[in-house]
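Enquirer: return a 3D structure for these sequence lines:
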Amino acid sequence: MEEPLTEDMLAELLSAPDPRAFMKKATAGQRSLSDYLNELLEAKGLKRAAVVRAAGINETFGYQVFTGTRKASRDNLLKIALAMGCTLREANRLLKAGGVNELYCKNRRDAIIIFSLSQGASLQQAEEDLYRFGEATLS
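Expert: Now for the predicted structure:
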(Lines give C-alpha, C1' and ligand atoms only; values in the text may rest on other atoms or scores of the structure.)
Protein backbone atom coordinates (compact mmCIF):
# COMPACT_ATOMS: atom_id res chain seq x y z
CA MET A 1 0.00 0.00 0.00
CA GLU A 2 3.07 2.23 0.15
CA GLU A 3 2.86 4.79 -2.65
CA PRO A 4 5.99 6.40 -4.09
CA LEU A 5 6.67 10.04 -3.28
CA THR A 6 5.73 12.58 -5.94
CA GLU A 7 9.31 13.89 -6.02
CA ASP A 8 10.65 10.40 -6.75
CA MET A 9 8.11 9.88 -9.50
CA LEU A 10 8.95 13.27 -11.03
CA ALA A 11 12.64 12.36 -11.07
CA GLU A 12 11.80 9.08 -12.84
CA LEU A 13 9.64 10.90 -15.38
CA LEU A 14 12.35 13.43 -16.15
CA SER A 15 14.98 10.72 -16.57
CA ALA A 16 12.77 8.50 -18.78
CA PRO A 17 13.57 8.42 -22.51
CA ASP A 18 9.92 9.27 -23.30
CA PRO A 19 6.59 9.55 -21.46
CA ARG A 20 5.46 6.09 -22.58
CA ALA A 21 8.38 4.42 -20.83
CA PHE A 22 7.42 6.18 -17.61
CA MET A 23 3.71 5.39 -17.96
CA LYS A 24 4.40 1.67 -18.43
CA LYS A 25 6.31 1.61 -15.16
CA ALA A 26 4.28 4.09 -13.10
CA THR A 27 1.21 2.67 -11.42
CA ALA A 28 0.53 5.30 -8.73
CA GLY A 29 -2.82 6.97 -9.05
CA GLN A 30 -4.30 4.17 -11.15
CA ARG A 31 -6.21 2.36 -8.42
CA SER A 32 -9.94 2.71 -8.08
CA LEU A 33 -11.76 3.98 -5.02
CA SER A 34 -13.03 0.48 -4.36
CA ASP A 35 -9.50 -0.95 -4.53
CA TYR A 36 -8.13 1.71 -2.19
CA LEU A 37 -10.97 1.32 0.32
CA ASN A 38 -10.41 -2.42 0.42
CA GLU A 39 -6.63 -1.93 0.82
CA LEU A 40 -7.32 0.34 3.79
CA LEU A 41 -9.74 -2.16 5.33
CA GLU A 42 -7.15 -4.91 5.10
CA ALA A 43 -4.25 -2.76 6.34
CA LYS A 44 -6.24 -1.50 9.32
CA GLY A 45 -7.92 -4.83 10.10
CA LEU A 46 -11.39 -3.33 9.78
CA LYS A 47 -14.69 -4.79 8.59
CA ARG A 48 -16.67 -2.98 5.91
CA ALA A 49 -19.97 -3.23 7.82
CA ALA A 50 -18.42 -1.69 10.95
CA VAL A 51 -16.92 1.20 8.95
CA VAL A 52 -20.21 1.89 7.18
CA ARG A 53 -22.04 1.93 10.53
CA ALA A 54 -19.43 4.17 12.13
CA ALA A 55 -19.62 6.52 9.13
CA GLY A 56 -23.36 6.81 9.59
CA ILE A 57 -24.19 6.05 5.99
CA ASN A 58 -26.87 3.77 4.60
CA GLU A 59 -25.72 0.14 4.57
CA THR A 60 -26.73 -0.51 0.95
CA PHE A 61 -25.14 2.73 -0.24
CA GLY A 62 -21.96 1.98 1.71
CA TYR A 63 -21.74 -1.50 0.20
CA GLN A 64 -22.11 0.02 -3.28
CA VAL A 65 -19.35 2.56 -2.61
CA PHE A 66 -17.00 -0.16 -1.35
CA THR A 67 -17.71 -2.37 -4.38
CA GLY A 68 -17.39 0.50 -6.84
CA THR A 69 -20.94 0.43 -8.16
CA ARG A 70 -21.86 3.82 -6.72
CA LYS A 71 -20.04 7.15 -6.46
CA ALA A 72 -19.85 8.87 -3.07
CA SER A 73 -19.92 12.57 -2.31
CA ARG A 74 -16.89 14.28 -0.81
CA ASP A 75 -18.62 14.49 2.59
CA ASN A 76 -19.48 10.78 2.57
CA LEU A 77 -15.87 9.95 1.68
CA LEU A 78 -14.69 12.13 4.56
CA LYS A 79 -17.09 10.35 6.92
CA ILE A 80 -15.65 7.01 5.76
CA ALA A 81 -12.09 8.31 6.23
CA LEU A 82 -12.85 9.44 9.78
CA ALA A 83 -14.65 6.18 10.56
CA MET A 84 -11.60 4.25 9.35
CA GLY A 85 -9.18 6.35 11.38
CA CYS A 86 -7.33 7.48 8.27
CA THR A 87 -4.30 9.71 8.36
CA LEU A 88 -4.40 12.96 6.40
CA ARG A 89 -2.40 11.34 3.59
CA GLU A 90 -4.75 8.34 3.46
CA ALA A 91 -7.82 10.60 3.51
CA ASN A 92 -6.48 12.72 0.65
CA ARG A 93 -5.67 9.60 -1.38
CA LEU A 94 -9.18 8.32 -0.69
CA LEU A 95 -10.68 11.63 -1.86
CA LYS A 96 -8.51 11.62 -4.97
CA ALA A 97 -9.48 8.04 -5.79
CA GLY A 98 -13.12 9.11 -5.36
CA GLY A 99 -12.68 11.86 -7.94
CA VAL A 100 -13.22 14.78 -5.56
CA ASN A 101 -11.02 17.57 -4.23
CA GLU A 102 -8.43 16.78 -1.60
CA LEU A 103 -8.49 18.63 1.70
CA TYR A 104 -7.10 22.17 1.47
CA CYS A 105 -5.79 23.87 4.59
CA LYS A 106 -6.68 27.38 3.36
CA ASN A 107 -10.34 26.39 3.44
CA ARG A 108 -11.68 26.90 6.99
CA ARG A 109 -13.92 23.82 6.97
CA ASP A 110 -11.20 21.65 5.48
CA ALA A 111 -8.72 22.97 8.07
CA ILE A 112 -10.98 21.75 10.86
CA ILE A 113 -11.26 18.33 9.22
CA ILE A 114 -7.49 18.19 8.67
CA PHE A 115 -6.97 18.95 12.36
CA SER A 116 -9.47 16.25 13.32
CA LEU A 117 -7.73 13.66 11.13
CA SER A 118 -4.31 14.61 12.49
CA GLN A 119 -5.59 14.19 16.06
CA GLY A 120 -7.16 10.79 15.33
CA ALA A 121 -10.60 12.20 16.12
CA SER A 122 -13.75 10.19 15.61
CA LEU A 123 -16.43 11.28 13.18
CA GLN A 124 -18.50 12.50 16.13
CA GLN A 125 -15.63 14.64 17.43
CA ALA A 126 -15.02 16.11 13.97
CA GLU A 127 -18.73 16.89 13.60
CA GLU A 128 -18.75 18.64 16.98
CA ASP A 129 -15.73 20.75 16.02
CA LEU A 130 -17.32 21.74 12.70
CA TYR A 131 -20.54 22.71 14.48
CA ARG A 132 -18.70 24.63 17.20
CA PHE A 133 -16.88 26.72 14.58
CA GLY A 134 -20.05 27.40 12.64
CA GLU A 135 -19.14 25.24 9.64
CA ALA A 136 -21.40 22.79 7.82
CA THR A 137 -21.18 19.34 9.37
CA LEU A 138 -20.53 16.24 7.29
CA SER A 139 -23.90 14.64 8.06
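Enquirer: where does this structure have low pLDDT?
Expert: Under the criterion pLDDT under 70, the flagged ranges of the chain are 1-5, 26-30.
Enquirer: how near is Ala11 to Met23?
Expert: 15 Å (C-beta to C-beta, to the nearest Å). Heads up, the C-betas are built off the backbone N, CA and C, glycines and all.
Enquirer: ok, now which ones touch Val52?
Expert: Shown in contact with Val52 (C-beta atoms under 8 Å, 6 or more residues apart in numbering): 59, 62-63, 66, 80, 83.
Enquirer: how about Leu130, nearest residue that isn't a chain neighbour?
Expert: Distances taken as C-beta to C-beta, 6 or more residues apart in numbering put Thr137 closest to Leu130, at 4.9 Å, once the chain neighbours are dropped.
Enquirer: neighbours around Ala54, how many?
Expert: Ala54 has 18 neighbouring residues, counting by other C-beta atoms under 10 Å.
Enquirer: now do Ala83
Expert: Ala83 - counted by other C-beta under 10 Å - has 20 other residues nearby.
Enquirer: so what's it up against?
Expert: Contacts for Ala83 were tallied using C-beta under 8 Å, 6+ apart; they are 51-52, 54-56, 123.
Enquirer: quick check: the farthest pair among those residues?
Expert: Maximum pairwise distance among the contacts of Ala83 (C-beta to C-beta): 11.8 Å, between Val52 and Leu123.
Enquirer: what residues does stretch 41-48 touch?
Expert: Stretch 41-48 is contacted from outside by 1, 40, 51, 62-63, 66, 84-85, using C-beta under 8 Å, 6+ apart.
Enquirer: rewinding a little: could you say which helix or strand holds the residue nearest to Leu130?
Expert: Remark: Thr137 resides in no helix or strand, with elements defined by DSSP states H and E.
Enquirer: next one: Leu82
Expert: In the assignment (DSSP H and E), Leu82 maps to helix 74-84.
Enquirer: what are the buried residues along that helix?
Expert: 74, 76-84 (16 or more other C-beta atoms under 10 Å).
Enquirer: closest one of those to Gln119?
Expert: The nearest one, if we look at the buried residues of helix 74-84 relative to Gln119 and count by C-beta to C-beta, is Leu82, at 10.9 Å.
Enquirer: excluding its backbone neighbours, what's nearest that closest one?
Expert: Here the residue nearest Leu82, using C-beta to C-beta, 6+ apart, is Leu123, at 4.2 Å.
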